[in-house]
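> below: sequence and its predicted model.
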Amino acid sequence: MKRKALRAAFPHTLPVLTGYAFLGLAYGILMQSAGFPFWYPALISLVVYAGSMQYAAVPLLGAAFDPAGAFFLTLMVNARHLFYGVSMLEPYRAAGKKTPYLVFAMSDETFSVNVSACPPEGVDRGWFMFWVSLLDQFYWVAASALGGLLGRVLTVSTKGIEFVMTALFVTIFTGQWMEDREHRPALVRLGASVLCLALFGAGNFILPAMALIVLLLLVMRPALDKKGAVR
């Protein structure tokens, strides 16, 4: 069962591998350029694994000790995971002993795969989600470690590399759109995001958009459940 779930999960993680290869590499190089030992990026990716927050933490690690400031910054950057967690309560609870790791390893990309991908018939969903989560973290840790090593000998400009993640999410969204016959949930997410972007601006729209999406989907859920549109 474990091997079968691994074989089923691996293809779904390939788009994540593409994005993490570039961003993890850039993170490792950034940490090295900030004066940290080459092994720091891999260690932090292993025990923290917070994606964008790891980038934000680079200047914090070199600044004066400020736990309160670090806490509130982390809360602001990663508050969207609260909404992810709500939607994954039932699937993760059903995973049994794998639940603590699934909670720890939830990232934007892992959430996108686990919430949308349907394991093949005969594949346990708990193990499927576990392998998706573990593979995604492995990609990030490996890329961070490689970046830390390359940063010792190379000087690389990372300007514009953040677009890789935008392209990754567009790919995931397109895949979901093509796989699902019911497009109302996707249109709700897209519409709520555009509305909040117009109202709150690019720097502040994510949390209001998440809240609006959750509210609208909760209202629509009875109708969507009848068609199997909410997973």
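Yep, it's here.
> could you pull out the helices for this protein?
Ranges of helices within the chain are 2-33, 40-47, 52-61, 67-78, 80-87, 89-93, 99-104, 108-116, 125-150, 163-179, 184-200, 206-226, based on DSSP state H.
> okay, these in TSV with mean neighbour count next?
Bear in mind the C-beta positions are built from the backbone N, C-alpha and C, glycine included. Conversion of those to TSV gives the following (neighbours: other CB atoms under 10 Å):
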stretch	mean neighbour count
helix 2-33	20
helix 40-47	20
helix 52-61	16
helix 67-78	13
helix 80-87	15
helix 89-93	13
helix 99-104	15
helix 108-116	21
helix 125-150	22
helix 163-179	14
helix 184-200	15
helix 206-226	15
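> mean pLDDT for those: which is lowest?
In terms of mean pLDDT, the lowest-scoring of the helices of the chain is helix 163-179 (a mean of 69).
> for the residue nearest to the spatial centre of the chain, which non-adjacent residue is closest in space?
Residue closest to the average C-alpha location in the chain (CA atoms, centre = their mean): residue 108, at 1.8 Å. The shortest distance from residue 108 to any non-neighbouring residue, by CB to CB, 6 or more residues apart in numbering, is to residue 51 (6.7 Å).
> that neighbour - how many residues pack around it?
As a burial measure, residue 51 scores 21 neighbours (other CB atoms under 10 Å).
> try residue 106
Neighbour count of residue 106, defined by other CB under 10 Å: 21.
> cool, and residue 95?
The burial count assigned to residue 95 is 21, neighbours taken as other CB under 10 Å.
> so this protein: which segments form each domain?
Per the record's domain assignment (automatic domain parsing), the chain is made up of the domains 2-158, 180-231.
> can I get those domains in JSON lines including distance to residue 170?
Output for the domains of the chain, formatted as JSON lines (distance: least, CB to CB, whole Å):
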{"stretch": "domain 2-158", "distance to residue 170": "10"}
{"stretch": "domain 180-231", "distance to residue 170": "11"}
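> to residue 171, which of those lies closest?
domain 2-158 (5.2 Å; CB to CB).
> how about the contacts made by residue 143?
By CB atoms under 8 Å, 6 or more residues apart in numbering, residue 143 lies in contact with 20-25, 27-28.
> cutoff 10 Å now
In this structure, residue 143 makes contact with 17, 19-28, 41-42, 45, judged by CB atoms under 10 Å, 6 or more residues apart in numbering.
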